[in-house]
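*Asks:* when you get a sec, could you give me coordinates for this:
(one chain, ligands or ions: 1)
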Amino acid sequence: MLSPPRRWIREQPLSSVTSCVRRGLCSRRHSLWILLILLVVCIAIQTFVARQARNDKLTGLPHLRFTVSKQHLFPTLQNVWEGLHSESSLAVKPDVKSLQTERMADLHHQNEGYGKPSDYIVSRHVEKIVNRITDSQMEATKVSPGNPLLPKYETKQSHGLQGFLVLPSPRKSLIAGTDTPTSSIFLKTRTNTFHTKATCHPKSHIVFLKTHKTASSTILNILYRYGESRNLTFALPLNKHSQLFYPFFFASHFVEGVSSRSVREFHIMCNHMRFRKSEVAKVMPQDTFYFSILRHPVAMMESIFIYYKSIPAFHKIHSLDEFLDTSRRSYNSSVANNHYAHNIMAFDFGFDNNVAADAENLEEKASMTIAAIERDFHLILISEYFDESMIMLKNALCWSLEDVVSFKLNSRNERTRRMLLPNTAEKIKRWNAIDWRIYLHFNTTFWHKVDSLVGQEQMKWEISQLRELQAKLANTCLKDGRAVDPSQIKDAGLKPFQYGAAVIQGYNLNTHIDRQTKTKCQRFITPELQYTDHLYTKQFPELADKHRQAGRIAAPQHQRSGRAAMMGMAWAREAHHRQIIRHRFSNFKNQKASTSALLTHTETNNKTSMP
Ligand SMILES: Nc1ncnc2c1ncn2[C@@H]1O[C@H](COP(=O)(O)OS(=O)(=O)O)[C@@H](OP(=O)(O)O)[C@H]1O
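*Replies:* Take a look at the predicted model:
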């Protein structure tokens, strides 16, 4: 029926093409063809535009995919922060949660295989995204080795990580005291920003995974002060240990009060542990906020090599370069405490750290690790951006600025830092390939969260407020406003634990401050072991007393054995811990009112709360 017109066109002379087309258009068959062509063109244009838009997103905001649904779910600022605490806000959840099975988590925590079919879909999905990110970021780091992405408004100077030829120096704000010291600093400067009590509720169910050499002791101190001043209950290590039996995988019965059922509700868990979500969740309430902190693996490895110099992997090695050059041949992962030397971040989060840089399944393992951390943690902070991290934390927890103010704890003195060459930095990234990928991922998501949840202007303003507060506090509390070597610390009770080849600094208090201010200032500079001990005594006075008695009996035998020096880190810490207990006991016995009696039972009972 439609064939005659076509034949008719073929038969026409060239000169009459125009009229031919006109006639052809009129025919029904050609109209259909043209409609079809138009449709195809439309679809092609639409596909092109959509692809272009997706490419723009992935190039500019690599992690938009993980977080965009959060923005849609929680359109107001308040809801955004509230959302951080809800199940649905976990960043990776929209992409991964529905596909993940409980088996995956368990597999992770048992360090078993990653390639099970149901997990594989998730793995590939996340991997694709992570690969894009790591590729683009590795490109970026080629220009500036070891330098994490900086937001546009930041100057590199303010971060203390300017490549690894120059190592971090003490932060200026701590020594830049401007105001006259006043004890009222604790009372007057309660600087709430956009989070007021009217818009959100302060969180007090918190798990902080205390990673190693990441500024975690400074955060621990913040949490201790917050909890202590509000009479919150800490999930402290059983039997007065200083860590939650690290490096073993965490188990709920490692917490004092769990087996005996003597504690009704735990608020804060924050001591070193090897994370295992299913066990932590047995102890902590359902609405618990989980967070942790990461550090650039190069700076971290430099710190670890000095601090853990006595672990088997390092003790006969002269330099980090020597270790990195020989590690493939000589590193033995099955020797106790050697895990400190290899992908320690992955280890602390509960994953397999023994992954070689050239392992076939490296990217897959990295993707799975990242996905699981995204699933289990509401917020991951970045040590290099400590102040920014504190603002994020404050907002996430609905706390005040004063709650997150701190002094840098556990820092080495300059003499025990080592300069690294760019080549060494590259070797470290390769050796710690999983950690490097974890860090890159969370550094990016961190800045994306800053942009989407706080905004750069607000962040800038809040940081200036925080630094002002810190400077005032340093001026009030600290003698000379800065950290000093342990040999210069007057109060033995405030000396930080010394280990390996590091010289860990501490602080002296101003002498002219009143008693109440002194007590408060002291909390800011009390090292981890002493403060943990103090809280244990406060929470479990009777048990603490028993341990004190037992420590007295066991002490001479322990001293004679002289084994502490040969033992691993955890045991050395415990030895130190017991030494503190003995020291405190003798103070208690003699009823000496010395300044080092900060942690005595008597003072515990007299202590005033922090604001
Ligand atoms: N506020 C702040 N900002 C930036 N960096 C900080 C901060 N507080 C502590 N630190 C540095 O963190 C390192 C100590 O980390 P940790 O306390 O986690 O160590 S530990 O695992 O508990 O022993 C240690 O790093 P190194 O000095 O390089 O060893 C500290 O200097």
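*Asks:* close to the ligand, is stretch 379-394?
*Replies:* Yes. Remark: stretch 379-394 sits within contact range of the ligand at Ser383, Phe386, by Cβ under 6 Å from any ligand atom. All C-beta atoms are positioned from the backbone trio N, CA, C, and that covers glycine.
*Asks:* an error on my part: the question was meant for stretch 264-276.
*Replies:* No. Applying Cβ under 6 Å from any ligand atom, one finds stretch 264-276 separated from the ligand by no less than 6.9 Å.
*Asks:* and that stretch, end to end?
*Replies:* Using Cα to Cα, to the nearest Å, one end of stretch 264-276 lies 22 Å from the other.
*Asks:* can you give me the buried ones in that stretch?
*Replies:* Neighbour counts over stretch 264-276 (16 or more other Cβ atoms under 10 Å) mark Phe266, His267, Ile268, Met269, Cys270, Asn271, His272, Met273, Arg274, Phe275, Arg276 as buried.
*Asks:* dump the residue contacts of the last one.
*Replies:* Contacts were defined as Cβ atoms under 8 Å, 6 or more residues apart in numbering; by that measure Arg276 touches His109, Phe249, Phe250, Ala251, Gly350.
*Asks:* quick one: name the residues of this protein near the ligand.
*Replies:* Residues of the chain lying near the ligand (Cβ under 6 Å from any ligand atom): 212-218, 303, 383, 386, 408-412.
*Asks:* make a markdown table out of the contacts of Arg276 and add neighbour count and distance to Leu440.
*Replies:* Shown next, in a markdown table, are the contacts of Arg276 (neighbours: other Cβ atoms under 10 Å; distance: Cβ to Cβ, whole Å):
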| residue | neighbour count | distance to Leu440 |
| --- | --- | --- |
| His109 | 20 | 23 |
| Phe249 | 16 | 26 |
| Phe250 | 26 | 26 |
| Ala251 | 18 | 31 |
| Gly350 | 26 | 20 |
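*Asks:* need the max-distance pair from these.
*Replies:* Across the contacts of Arg276, the longest distance by Cβ to Cβ is 12.0 Å; it joins Ala251 and Gly350.
*Asks:* give the next helix or strand downstream of the helix or strand hosting Lys460.
*Replies:* According to DSSP states H and E, Lys460 maps onto helix 456-477. Downstream of helix 456-477, the next assigned helix or strand under DSSP H and E is helix 515-525.
*Asks:* list the buried ones in that next one?
*Replies:* For helix 515-525, by 16+ other Cβ under 10 Å, it's Thr517, Lys518, Thr519, Lys520, Cys521, Gln522, Arg523, Phe524, Ile525.
*Asks:* mean confidence for stretch 268-278?
*Replies:* Per-region confidence: stretch 268-278 scores 98 on mean pLDDT.
*Asks:* returning to what we had before: possible to save the contacts of Arg276 as TSV with secondary structure, distance to Ala366 and pLDDT?
*Replies:* Formatted as TSV, the contacts of Arg276 follow (DSSP: H, G, I helix; E, B strand; the rest coil; distance: Cβ to Cβ, whole Å; pLDDT from 0 to 100):
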residue	secondary structure	distance to Ala366	pLDDT
His109	helix	17	42
Phe249	strand	20	98
Phe250	coil	22	98
Ala251	coil	27	98
Gly350	coil	15	98
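*Asks:* now those residues in JSON lines, with distance to Arg430?
*Replies:* Shown next, in JSON lines, are these (distance: Cβ to Cβ, whole Å):
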{"residue": "His109", "distance to Arg430": "26"}
{"residue": "Phe249", "distance to Arg430": "27"}
{"residue": "Phe250", "distance to Arg430": "30"}
{"residue": "Ala251", "distance to Arg430": "34"}
{"residue": "Gly350", "distance to Arg430": "23"}
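*Asks:* ok, and the closest non-adjacent residue to whichever residue of the stretch 301-450 of the chain sits closest to the ligand?
*Replies:* Nearest residue of the stretch 301-450 of the chain to the ligand, counting by Cβ to the nearest ligand atom: Ser411, 3.0 Å away. Spatial nearest neighbour of Ser411, chain neighbours left out: Gln505 (5.4 Å); criterion: Cβ to Cβ, 6 or more residues apart in numbering.
*Asks:* go on, Glu265?
*Replies:* Per Cβ to Cβ, 6+ apart, closest to Glu265 is Thr233, 6.3 Å.
*Asks:* quick check: the one you found touching Val263?
*Replies:* Yes. Contact criterion Cβ atoms under 8 Å: Thr233 and Val263 qualify, at 5.9 Å.
*Asks:* between the two, what contacts are shared?
*Replies:* Shared contacts of Thr233 and Val263, counting by Cβ under 8 Å, 6+ apart, come down to Gln539.
*Asks:* other residues contacting the longest strand anywhere in the chain?
*Replies:* Secondary structure assigned by DSSP state E gives strand 289-294 as the longest strand of the chain. Around strand 289-294, the neighbours that count as contacts under Cβ under 8 Å, 6+ apart are 84-85, 203, 205-211, 214-216, 219, 345, 349, 373, 376-383, 389, 393, 396-397, 438-439, 442-443.
*Asks:* same thing but 7 Å
*Replies:* 85, 203, 205-209, 211, 214-216, 219, 345, 376-383, 389, 393, 396-397, 438-439, 442 (Cβ atoms under 7 Å, 6 or more residues apart in numbering).
*Asks:* give the buried residues for the very next helix or strand once past it.
*Replies:* For strand 289-294, the following helix or strand on the C-terminal side (DSSP H and E) is helix 297-307. If you call a residue buried by 16+ other Cβ under 10 Å, then helix 297-307 has these buried ones: Pro297, Val298, Ala299, Met300, Met301, Glu302, Ser303, Ile304, Phe305, Ile306, Tyr307.
*Asks:* same check on stretch 445-464?
*Replies:* 445-450, 452-454, 458-460, 462-463.
*Asks:* and after the strand or helix carrying Val207, which helix or strand comes next?
*Replies:* Taking DSSP H and E as the criterion, the element that holds Val207 is strand 206-209. Once strand 206-209 ends, the next helix or strand along the chain (criterion: DSSP H and E) is helix 216-229.
*Asks:* restrict that following helix to CA atoms and write it as CSV.
*Replies:* The C-alpha trace of helix 216-229 is given here as CSV (Å, rounded to 0.1, in the frame of the first residue of the first chain):
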residue,chain,number,x,y,z
SER,A,216,43.1,10.0,70.0
SER,A,217,44.4,10.7,73.5
THR,A,218,43.4,14.4,73.1
ILE,A,219,39.9,13.2,72.1
LEU,A,220,39.8,10.7,75.0
ASN,A,221,40.5,13.6,77.4
ILE,A,222,37.6,15.6,75.9
LEU,A,223,35.3,12.7,76.4
TYR,A,224,36.5,12.0,79.9
ARG,A,225,36.0,15.6,80.9
TYR,A,226,32.6,15.8,79.3
GLY,A,227,31.4,12.5,81.0
GLU,A,228,33.0,13.2,84.3
SER,A,229,31.4,16.6,84.7
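*Asks:* what does that helix contact?
*Replies:* For helix 216-229, using Cβ under 7 Å, 6+ apart, the contacting residues are 206, 208, 210, 234, 267-268, 270, 293, 403-404, 406, 408-410, 523-524, 528, 531, 535, 609-610.
*Asks:* which of those are buried, as a PyMOL select command?
*Replies:* The PyMOL selection below is limited to those of those classed as buried (16+ other Cβ under 10 Å):
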select buried, resi 206+208+210+234+267+268+270+293+403+404+406+408+409+410+523+524+528+531+535+610
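*Asks:* just the contacts of helix 216-229: which are in helices?
*Replies:* Among the contacts of helix 216-229, DSSP state H puts Arg523, Phe524, Glu528, Tyr531, Leu535 in helices.
*Asks:* show me which pair in the residues you listed is furthest apart.
*Replies:* Phe524 and Leu535, at 15.1 Å, using Cβ to Cβ across the ones in helices among the contacts of helix 216-229.
*Asks:* check contacts around Ile434.
*Replies:* So Ile434 contacts Asn343, Ala346, Asn353, Val355, Lys365, Ala366, Thr369 (Cβ under 7 Å, 6+ apart).
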